[in-house]
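Novice: Make a model of this:
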Amino acid sequence: MVRRNSLDVLQSSLRLTSIGVGHTPVWHAAILTHPPAPPLPIQKHSVEPIVFKEDRIRERFFQDFPFEAFRSKTLTERATIADPERIQGKEWWSLGQRTRCPSPEDCIDFCISLNENHNLSISKAYAIATAQFSHLRAIHEIAVRAANREAETYGAQFRGGEINRSAMKSENALRTWVPPRAVGVNAMGDVWSAEPRPSFYALEGKFSGGEAYVHGWKHWNDVTTQRKIYSEERQTPIAE
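Specialist: Below you'll find the model as predicted:
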């Protein structure tokens with residue numbers, strides 16, 4: 001249903017009654033004596049988006065370092081308590097003063113600190129912060145690789161995460177798998193199969209009723225039983 005103005009409703013009713021459509025409503029006199037107030041104009045308020053300085057720097061940082069968004073982070077690292085004695089303000093002129101392995105948030109905080117406390121532009125502060133961030137991360141990665149090599153030299157074994165352990169278990173299980181030809185080979189060098197060989201019934205075009213299948217299974221079972229008995233007799237010591 002279309003929403004109409006109160007004045008439009010009155011005018012429409014007057015036009016209809018003037019041409020003889022319907023009767024004059026009882027509320028015409030009341031509306032003409034006390035007309036409704038005109039509708040208020042619709043005002044469109046423009047709300048400016050709230051954008052912080054950190055949001056623009058964070059967006060640019062993850063455009064330049066997209067792989068930092070995929071770096072694993074534990075729940076305990078997310079809920080760290082801020083150190084009240086950490087360096088900040090004008091005394092913070094190097095990213096390495098706070099940590100040797102900075103996070104993206106440390107780099108963004110350092111960029112804001114350079115802009116607010118050292119009167120540097122956002123572009124220059126961002127260039128300095130990201131350069132020191134890359135430098136510290138490279139030093140940390142080289143140190144971790146050297147420590148892993150040293151640990152492996154002394155015999156340490158790194159099993160990796162759950163995915164690597166699952167892959168190793170699967171590989172070990174596949175190594176224990178033996179082909180079926182190495183398990184049920186009979187004296188004639190054949191392997192019992194669910195598909196019987198063509199018998200004289202099949203050659204004559206008749207149905208054997210499963211006799212060929214049962215015959216092949218029994219033959220294979222008899223051969224394996226005899227081989228097991230033969231191996232047990234060879235392992236039995238000879239009585240003096």
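Novice: The top helix by length along the chain - contacts with which helices or strands?
Specialist: Criterion DSSP state H: the longest helix present in the chain is helix 122-153. Under the contact definition 3 or more Cβ pairs under 8 Å, 6 or more residues apart in numbering; DSSP states H and E, helix 122-153 sits against helix 53-64, helix 104-117. Where C-beta positions appear, they are placed from N, C-alpha and C, glycine not excepted.
Novice: Pretty sure Phe133 sits against Pro102.
Specialist: Yes: counting by Cβ atoms under 8 Å, Pro102 is a contact partner of Phe133 at 5.5 Å.
Novice: Mutual contacts of the two, please.
Specialist: Each of 95, 110 lies in contact with both Phe133 and Pro102 under the rule Cβ atoms under 8 Å, 6 or more residues apart in numbering.
Novice: got CSV for the helices and strands packed on helix 122-153, with distance to Ile19, mean neighbour count and mean pLDDT too?
Specialist: Shown next, in CSV, are the helices and strands packed on helix 122-153 (distance: least, Cβ to Cβ, whole Å; neighbours: other Cβ atoms under 10 Å; pLDDT from 0 to 100):
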stretch, distance to Ile19, mean neighbour count, mean pLDDT
helix 53-64, 63, 14, 92
helix 104-117, 73, 19, 92
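Novice: could I get these as TSV with distance to Leu16?
Specialist: Shown next, in TSV, are the helices and strands packed on helix 122-153 (distance: least, Cβ to Cβ, whole Å):
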stretch	distance to Leu16
helix 53-64	59
helix 104-117	68
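Novice: between those helices, which gets nearest to Glu211?
Specialist: Closest approach to Glu211 among the helices and strands packed on helix 122-153 (Cβ to Cβ): helix 53-64, 73.2 Å.
Novice: That closest one packs against which elements?
Specialist: When contacts are defined as 3+ Cβ pairs under 8 Å, 6+ apart, helix 53-64 packs onto helix 104-117, helix 122-153.
Novice: Next, the angle from it to helix 104-117.
Specialist: Angle of helix 53-64 versus helix 104-117, following axes from the mean of the first three to the mean of the last three Cα atoms, to 10 degrees, is 130 degrees.
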